[in-house]
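Participant: Below is the sequence, then the predicted model.
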Amino acid sequence: GAVVSQHPSRVICKSGTSVKIECRSLDFQATTMFWYRQFPKQSLMLMATSNEGSKATYEQGVEKDKFLINHASLTLSTLTVTSAHPEDSSFYICSARPGQFQPQHFGDGTRLSIL
Amino acid sequence: EDKVVQSPLSLVVHEGDTVTLNCSYEVTNFRSLLWYKQEKKAPTFLFMLTSSGIEKKSGRLSSILDKKELFSILNITATQTGDSAVYLCAVSPFDNDMRFGAGTRLTVKP
């Protein structure tokens, strides 16, 4: 149980393109999902907490206009990297948990490369 | 400021060895500590610890939490090459997000 699916797994695109990443909880409902970013050989950095039916909560230093989060249903959250530039290239990972005090389970991540 | 410190940062052992990975933390309103294993993709959940002194076990892996010393260890016995990964420690305060340590990169040689 507690499977989280993330799509796409790999994106390569030109600078200026907007990229949408989807995160789905397949066998449970998630009122809260989390988006992380990971640079090579570094740990996961929380970007934002996605709340179903309301605005996302962004961590300090994360541009909300750059990283648009939508959590329109209990099983889907999307992260859109708007007008992506090479410095946005990274590994983006989402997570969700089956209940408020349950561990978070991660999707397989999306490797984003902006040329 | 919340802090999660893992040690060592990297470790190379041979198959059959036993390893101990360390995680210390400073966080307000501590609720739980979690261990994850990350290979090539995203982390997979290993353990969640909320109470001091209660060991959690899964096969060759075990973990324990000391809330007085703000410390947890992850033990792996009889290591195998498939144990090679980055092991991440994360602490979750009562507001429910997680703060990750930098991870310990474990390499198990045949």
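Facilitator: That came through, no problem.
Participant: C-alpha only now, for contacts and for neighbours.
Facilitator: Fine.
Participant: for the helix or strand of chain B with the lowest mean pLDDT, packing partners?
Facilitator: Ranking every helix and strand in chain B by mean pLDDT, DSSP states H and E puts strand B:99-100 at the bottom, with a mean of 90. In terms of contacts (3 or more CA pairs under 8 Å, 6 or more residues apart in numbering or on different chains; DSSP states H and E), strand B:99-100 is packed against strand A:44-51, strand B:3-7, strand B:85-93.
Participant: Can the following helix or strand past the second one be said to contact chain A?
Facilitator: Right, the one you point to is strand B:3-7. Per DSSP states H and E, the first helix or strand lying C-terminal to strand B:3-7 is strand B:10-14. No - using CA under 8 Å from any CA of the partner chain, we find that strand B:10-14 stays clear of chain A, coming within 11.1 Å at best.
Participant: could you dump the helices and strands packed on strand B:99-100 to CSV with mean neighbour count and mean pLDDT?
Facilitator: Listed next are the helices and strands packed on strand B:99-100 as CSV, based on neighbours: other CA atoms under 10 Å in any protein chain shown; pLDDT from 0 to 100:
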stretch, mean neighbour count, mean pLDDT
strand A:44-51, 23, 91
strand B:3-7, 18, 95
strand B:85-93, 24, 93
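Participant: Each with direction, which strands does the least confident helix or strand of chain B pair with?
Facilitator: With DSSP bridges as the test, strand B:99-100 is paired with strand B:85-93 (antiparallel).
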